[in-house]
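Asks: Sequence and predicted model, in that order:
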There are 8 protein chains.
Amino acid sequence: GDFAHVDHHRSLRTGFPEAVWGPGKTPEQIAQIMEQLHQRGSLALATRIEAQVHEQIRRLLPQVQYSPLARLCWIPRAQAIAYPGQLSVISAGTADLPVAEEAALTAELSGFQVKRLWDVGVAGIHRLLQNRQALQADVLIVVAGMEGALASVVAGLANCPVIAVPTSIGYGASFQGLAALLTMLNSCAAGVGVVNIDNGFGAAILAGQILRC
Amino acid sequence: GDFAHVDHHRSLRTGFPEAVWGPGKTPEQIAQIMEQLHQRGSLALATRIEAQVHEQIRRLLPQVQYSPLARLCWIPRAQAIAYPGQLSVISAGTADLPVAEEAALTAELSGFQVKRLWDVGVAGIHRLLQNRQALQADVLIVVAGMEGALASVVAGLANCPVIAVPTSIGYGASFQGLAALLTMLNSCAAGVGVVNIDNGFGAAILAGQILRC
Amino acid sequence: GDFAHVDHHRSLRTGFPEAVWGPGKTPEQIAQIMEQLHQRGSLALATRIEAQVHEQIRRLLPQVQYSPLARLCWIPRAQAIAYPGQLSVISAGTADLPVAEEAALTAELSGFQVKRLWDVGVAGIHRLLQNRQALQADVLIVVAGMEGALASVVAGLANCPVIAVPTSIGYGASFQGLAALLTMLNSCAAGVGVVNIDNGFGAAILAGQILRC
Amino acid sequence: GDFAHVDHHRSLRTGFPEAVWGPGKTPEQIAQIMEQLHQRGSLALATRIEAQVHEQIRRLLPQVQYSPLARLCWIPRAQAIAYPGQLSVISAGTADLPVAEEAALTAELSGFQVKRLWDVGVAGIHRLLQNRQALQADVLIVVAGMEGALASVVAGLANCPVIAVPTSIGYGASFQGLAALLTMLNSCAAGVGVVNIDNGFGAAILAGQILRC
Amino acid sequence: GDFAHVDHHRSLRTGFPEAVWGPGKTPEQIAQIMEQLHQRGSLALATRIEAQVHEQIRRLLPQVQYSPLARLCWIPRAQAIAYPGQLSVISAGTADLPVAEEAALTAELSGFQVKRLWDVGVAGIHRLLQNRQALQADVLIVVAGMEGALASVVAGLANCPVIAVPTSIGYGASFQGLAALLTMLNSCAAGVGVVNIDNGFGAAILAGQILRC
Amino acid sequence: GDFAHVDHHRSLRTGFPEAVWGPGKTPEQIAQIMEQLHQRGSLALATRIEAQVHEQIRRLLPQVQYSPLARLCWIPRAQAIAYPGQLSVISAGTADLPVAEEAALTAELSGFQVKRLWDVGVAGIHRLLQNRQALQADVLIVVAGMEGALASVVAGLANCPVIAVPTSIGYGASFQGLAALLTMLNSCAAGVGVVNIDNGFGAAILAGQILRC
Amino acid sequence: GDFAHVDHHRSLRTGFPEAVWGPGKTPEQIAQIMEQLHQRGSLALATRIEAQVHEQIRRLLPQVQYSPLARLCWIPRAQAIAYPGQLSVISAGTADLPVAEEAALTAELSGFQVKRLWDVGVAGIHRLLQNRQALQADVLIVVAGMEGALASVVAGLANCPVIAVPTSIGYGASFQGLAALLTMLNSCAAGVGVVNIDNGFGAAILAGQILRC
Amino acid sequence: GDFAHVDHHRSLRTGFPEAVWGPGKTPEQIAQIMEQLHQRGSLALATRIEAQVHEQIRRLLPQVQYSPLARLCWIPRAQAIAYPGQLSVISAGTADLPVAEEAALTAELSGFQVKRLWDVGVAGIHRLLQNRQALQADVLIVVAGMEGALASVVAGLANCPVIAVPTSIGYGASFQGLAALLTMLNSCAAGVGVVNIDNGFGAAILAGQILRC
Ligand SMILES: Nc1ncnc2c1ncn2[C@@H]1O[C@H](COP(=O)(O)O)[C@@H](O)[C@H]1O
Ligand SMILES: Nc1ncnc2c1ncn2[C@@H]1O[C@H](COP(=O)(O)O)[C@@H](O)[C@H]1O
Ligand SMILES: Nc1ncnc2c1ncn2[C@@H]1O[C@H](COP(=O)(O)O)[C@@H](O)[C@H]1O
Ligand SMILES: Nc1ncnc2c1ncn2[C@@H]1O[C@H](COP(=O)(O)O)[C@@H](O)[C@H]1O
Ligand SMILES: [Mg+2]
Ligand SMILES: [Mg+2]
Ligand SMILES: [Mg+2]
Ligand SMILES: [Mg+2]
Ligand SMILES: [Mg+2]
Ligand SMILES: [Mg+2]
Ligand SMILES: [Mg+2]
Ligand SMILES: [Mg+2]
């Protein structure tokens, strides 16, 4: 349809295909774009897909797969790829899981190997210190809401790039993720790149760019 | 003068005398209020006093003492008091020293014993872990700018009340201390009470209230 | 489950067990973490639990208790503790009750004795002045929304630490509690420690730290 | 000059002549507008005039008078007016004096009788309660910075309209008067009208409108 | 109940009885407080009452009256009062009516005479100029959302105090009424007192204070 | 009804009739105003009309037409007008379509000719460069959410006025369109006029003013 | 120098040459870029040039001209152009003159004819109504600080596009021009395009694009 | 001195030595820390050093080198390192040079090879498209103020990680770099990691981490 100019050269240009941002699109629009991407041989991936939207997409495109936790809907590439390198995704609290899993699953679907370490926020710093082996990676994604302090602590311990993802988890003066975002931007540990609030997807793409660099 | 109604009963009521907030007052006004407080037997303490203002106050009140680092000016109580209990003041970076010292010195002048631990921010968490004995106190004051993450880490390790003081140190998205303030308010470690940005003085008074409670 | 690394040493380290932050967790996850905490001998406490979530938790863990006003769900410690010292919780308006009661009940469940004084906001200051005996405590928690001025007035009258809890009660320029939060941070009465908007729970833990200090 | 269309009918229309807002105007422009206003028989009043600007205006218009505290510069009306009614101006702290005096002096120059009560902020509420007779007025102007709580307390005690003037006095989370402004807008005591931060002038004009109504 | 300390002296002290702020209270609580106020001979007025809440209150207190437009619920005073003086309420757009009517009706219930002028926003300034007789009043309340410019224009034309009520009507950069609030606070026409966003009730109480002054 | 003073001279004065802003009005009020406008010979246009509201209006005014995408409801002018000149509306993403279509359809209903170019955001800049002929117009409207960068790029390429419409599409740090709004206001390409977030209607009216100028 | 890639095709592409944004450049850099632009036959215009910077530029490029009010520095085109059409620039207060003059002078230097109307803010609306002939133009630029209400009133009266320029004139809740910016974006009169705070230059370029369209 | 706990293991842990953040430190403190770092064999680098501060440091440590543009002061490592890989630093405007050069020089001093491309902002997109070979790198740093749109355009064209650095260059609604920061966080092109406003230093460290990964 002329409602969309799918960017089919993005995969050639940047190494990653365009993904479908779900909100504000009808299930029909999403299915149509996913089918186009799939027919070109790309991974067809749609983000922020609620369970009932997935149901409607599946009626139109029965081969789609779905993760309710990560709210991702996809058709895998016909030809699987497997890139070398190691990515760890680390999250601060249980409530940050949807964003952390969006990052981890996007990276896996893009061909990268992922280690997960959940619920190791700084209020109990020993949980991180006891799992320091997870920091032995080529890239780290740190996902945290509330005050988002985990990114600074991790970046002070790690010998690789750190991608920080603030989440909207919190209340009151967290201002829907603003507090965690500011924390991460002001990290006194250098070597941290920040993405938008709740943007697990973008963190995974950046991690992929780094691992292939 | 009728420009001020000094609250001489505050010491009786709350246990601490009124202190003089320097900005926006003339040296003459400050000296006059300090003298009144001193004559009533209270500690006479003025905060946010720049070096040249101190010079002018000293000409009017030769007995004043001054700390250029803490920007405090005072006449000690005639009768020294010494309260039991242990307070530690912990700061994240070298640039946070003026605020940290304002807290430490205010507490000492009020009769409390203070341990200082400077420059142990979370970018090098081992600096804090190697000095954990400083956390063995009855109250902790944590002073940090930039992302202010130190307060959460300390509160997760300590067995006593933690008072968090955000500082205006930083740039860009620190927004003059707002980032550190939000971090501390959203601390995922419970048991943290937050005071205003750069308010080392208020942190010391609160610590004093706790130690005497 | 590996979705959570419950911090079982927190009670040893900081004197208070980890509590479960309800939002963003399934009833199954909440029940599972509460059971783990209970089996270790800790108070198992979950916050921000709506009535229907409580119903589902109770089916899995029949021994849980619930306060619909405070939105708290808990299993008491096998061995009750009773700490010495007196805490008063003071609230400004009737609409602030849920947050005030979250503070009061958390403190009671943690072993502290609590006096409650409700609806004494500064628009009718005589209501506070006629109940000044409630200020004779070891720690005060002041809960207020709208302009949050009660904390300053109380701190100017009291001879003990004051913990200020802004609430999101209000409209328009209250900006969901921001106005009350700023008021409390800028209190011209020293000796006030502020917690996050609506954070009755955190205020109670800080009060507990102070009472045991 | 054509740089200004002085609104000479304002006095007829609204009861008060246009005043000159000093910042961004040259001393020549200010003097020229003041002279025009004076020749029409109005009070000629310029606000926010620093001492050195006043010196330059005085060279051009020797009859001007000046208050360095209120930063007002004026030529009185040829024919003095004296309106009935009583206005009290109440301020919270010594540092709020310039704004409070801008209000008080503007009102006096406009023909109203003014009582002043300085430095009675809520941290020592007895200072206000001991001076309750100042609340027996036809209109009250309350001037306060930092958390600005004084306006609510006064409005809860007074039987007349209250005009609240937030000041930019404070630091950190006062955000140049924003905290006091929000406090006053959210006052839980009804009957409070708020003007801009540091706008003592506007408060006096509003008070004058009320007293003449 | 002990959930509320109704301020029964407020009427004596400030001339207006306490009103019940509806949100966050159960219909039972509202009815109970209204009954207390009514039995003391006061006007019993509750604000922000949705239609279904009114239904529940009416079952408990059949004598209540209700305005769905103003969302007010009340029992009139046994003894009607009628104050002298004229109040005009002026609104900018049709969508501002609920707030404008909250102001107008509160004033009428409190004993004041009210003229209404609706939908005369500045995009068609002739609508206001053709109705200038409405500006011949003792007090004016101006209600406007979006950019809120009407207050400045009215204050420049009127010879009496102006109370400005910003509304949350608008979208995008109106930020729920913030734009109109800032406009009104920065009015270049002096003599304007501002109340909180959507606070028609407070504007009416202030108008009443002025009319009785 | 007296709830509205429809500005029937606006069409004469400004060239465009008043349009009905739907939110906060009942279907009856909307239908009544539309009928008045239609009877005067104007285009009767209502904006922000949801499908179910349209249903209710249609029962009262069967001749109305409706676009569910643009959320516009209208009765065309009896006498069609056709202005010369060419307007292009360009949008960045598929989710921006409702706002883009509100602009395009409003312009067409007002008598202007419109070219549409959808989904050519800067992440795939070749999509814009390959459609550069759309920039050959007399006026351009650029509609974009998220970071809103499209307006700057277009303005750097075009030889005509550019009207930029930020949309509320995005999440996290887009703050409901604030990010796109700031981007457009700070455009380093001159010649860009910005309207409110999601204000497709206003952009079309401004474009019409320009085309008729 | 390689510090700048001057965009020499901008004039061909967009009809206006690149202008030099002065802040953050040395006088040498500014002179060098101006000379390049002049040699290509373009108007060489630099904005935000303080008097002392102009002095240094003039030493390097003696032919530059300068307006201290508008803070513009320029070398006129060798070949003067004169476009048809009429632009009026209208300002609200005397303090807005520098921005208004930046707009007026930029337009004149670009070949357009300009009428100026200064100091006609809405606090005295008759000043605008008595000068309505200035609204008879092809484009209007409205410059206003403080609450910025003039743009809405003008747009409701005018039959041509209106470009609104908020200025940073004001204090307190004007937040350096934010209040005026929001007012203009929320204008209830359609047909208003807004540019950045204090951006008289950008308003003139947009006006030029419109006049040539 | 005990004012600093220099983190000498940071180089071993994270691959980069601690750098000295200049603001708020005396020249003596800076020189002392630089000497310690140098004696340990690390690069000794201090950031945000104004020319006169450099003069004072040089008197104490004659071997320091200085870049006035980048405001960096350093003593190179005794043993030069040269890492493989290619970094390009791209800036939008001439006024962004200090931040861009801070990034480029920090990277060079850390052993990386750097290509610079200045003044290619999106207002003249052909400047970037004509220099597309600079995008053929292993990592890109994009530095932009005002609306910061360059990062999105570059990320849509490049096949490698992009680090975006917003600058505080701009005025009005740029809010000291906030506009550019939000633009970059909301980039519709994935694969962008954002650092703090003006943080060229942090961008270089992150680039170094990526190049060594
Ligand atoms: N301190 C002040 N605060 C607010 N408005 C003022 C002040 N002083 C003068 N004004 C108003 O500012 C307007 C004059 O603006 P201008 O034309 O720039 O001189 C008049 O409407 C005055 O009533
Ligand atoms: N619509 C309203 N806006 C502002 N304040 C109100 C409103 N309605 C009632 N109030 C005030 O809210 C307070 C009652 O708060 P509460 O104790 O929660 O019932 C009293 O001070 C009332 O005067
Ligand atoms: N006063 C101004 N306001 C906004 N943009 C300007 C101004 N003066 C020059 N510019 C623009 O700023 C850009 C030049 O930036 P730079 O490369 O830093 O010189 C050009 O696109 C100019 O059109
Ligand atoms: N320009 C800069 N931007 C951000 N962080 C920096 C900068 N320069 C130094 N740092 C970091 O600031 C910290 C030093 O802070 P301090 O202890 O106050 O010297 C170290 O972690 C440095 O890595
Ligand atoms: Mg957890
Ligand atoms: Mg350090
Ligand atoms: Mg109450
Ligand atoms: Mg005082
Ligand atoms: Mg209307
Ligand atoms: Mg698309
Ligand atoms: Mg004027
Ligand atoms: Mg340039």
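Replies: Thanks, I have it. Ligands and ions are numbered 1, 2, ... in the order given.
Asks: okay, now A:S67: neighbour count?
Replies: By other CB atoms under 10 Å in any protein chain shown, 17 other residues sit near A:S67. The C-beta positions use only the backbone N, C-alpha and C, and glycine is treated the same way.
Asks: Next, give phi and psi for it.
Replies: phi -120, psi 110 (degrees, to the nearest 10).
Asks: Just to check, it is in contact with A:E101?
Replies: Yes: contact criterion CB atoms under 8 Å: A:S67 and A:E101 qualify, at 6.9 Å.
Asks: pLDDT weak spots in chain A?
Replies: For chain A, applying pLDDT under 70 flags the ranges A:1.
Asks: let's see it at 90
Replies: For chain A, applying pLDDT under 90 flags the ranges A:1-18, A:24, A:78-81, A:213.
Asks: those strands in it, which residues are they?
Replies: A:20-21, A:44-47, A:65-67, A:72-75, A:86-91, A:113-117, A:139-144, A:162-166, A:192-194 (DSSP state E).
Asks: With C:L12 as the reference, name the closest of those.
Replies: strand A:113-117 (23.2 Å; CB to CB).
Asks: Next to chain C, which bits of chain A? Give me the list.
Replies: Counting by CB under 8 Å from any CB of the partner chain, chain A comes close to chain C at A:93-95, A:97, A:118-120, A:123-124, A:126-127, A:169, A:171-174.
Asks: a markdown table please, covering the strands of chain A and showing distance to D:L157.
Replies: Formatted as a markdown table, the strands of chain A follow (distance: least, CB to CB, whole Å):
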| stretch | distance to D:L157 |
| --- | --- |
| strand A:20-21 | 56 |
| strand A:44-47 | 57 |
| strand A:65-67 | 61 |
| strand A:72-75 | 60 |
| strand A:86-91 | 52 |
| strand A:113-117 | 58 |
| strand A:139-144 | 47 |
| strand A:162-166 | 45 |
| strand A:192-194 | 50 |
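Asks: Number of residues surrounding A:P98?
Replies: A:P98 is flanked by 19 other residues according to other CB under 10 Å.
Asks: Please verify my assumption that it contacts A:L69.
Replies: Yes: here A:P98 reaches A:L69: they are 5.9 Å apart, a contact under CB under 8 Å.
Asks: show me the contacts for A:A19.
Replies: If you count contacts by CB atoms under 8 Å, 6 or more residues apart in numbering or on different chains, A:A19 has them with A:45-47, A:201, H:190.
Asks: no no, A:G145
Replies: Contacts of A:G145 (CB under 8 Å, 6+ apart): A:92-93, A:95-96, A:166-170, A:174, A:177, A:180.
Asks: With A:Q209 instead?
Replies: A:14-16, H:160-162, H:191.
Asks: residues contacting the residue nearest to it when sequence neighbours are not counted?
Replies: Spatial nearest neighbour of A:Q209, chain neighbours left out: H:P161 (4.2 Å); criterion: CB to CB, 6 or more residues apart in numbering or on different chains. When contacts are counted by CB under 8 Å, 6+ apart, H:P161 touches A:206, A:209-210, A:213, H:139-140, H:191, H:193, H:210.
Asks: let's see it at 7 Å
Replies: A:206, A:209-210, A:213, H:139, H:191, H:193, H:210 (CB atoms under 7 Å, 6 or more residues apart in numbering or on different chains).
Asks: Report the separation between it and F:A179.
Replies: 22 Å (CB to CB, to the nearest Å).
Asks: again, but for A:L211
Replies: From A:L211 to F:A179 the distance is 29 Å (CB to CB).
Asks: Pick out whichever of the two has more residues nearby.
Replies: A count of neighbours by other CB under 10 Å puts F:A179 above the other of A:L211 and F:A179, at 28 against 24.
Asks: shouldn't that one be in contact with H:N186?
Replies: Yes: between F:A179 and H:N186 there is a contact under CB atoms under 7 Å: 4.8 Å.
Asks: who touches both of those two?
Replies: What both F:A179 and H:N186 touch, as defined by CB under 7 Å, 6+ apart, is the set F:147, F:170, F:173.
Asks: What count of nearby residues applies to the last one?
Replies: What that stands for is F:A173. For F:A173, the neighbour count with other CB under 10 Å is 27.
Asks: For the residue lying closest to it once chain neighbours are set aside, give me its contacts.
Replies: The shortest distance from F:A173 to any non-neighbouring residue, by CB to CB, 6+ apart, is to H:L185 (4.3 Å). Contacts for H:L185 were tallied using CB under 7 Å, 6+ apart; they are A:196, F:173, H:194.
Asks: For ligand 5, see how far away H:L185 is.
Replies: 26 Å (CB to the ion, to the nearest Å).
Asks: Chain F contacts on chain A?
Replies: Counting by CB under 7 Å from any CB of the partner chain, chain A comes close to chain F at A:2-5, A:7, A:10, A:21, A:23-25, A:29, A:168, A:177, A:181, A:196-199.
Asks: from those, which would you call buried?
Replies: A:3-5, A:7, A:10, A:21, A:24-25, A:29, A:168, A:177, A:181, A:196-199 (16 or more other CB atoms under 10 Å in any protein chain shown).
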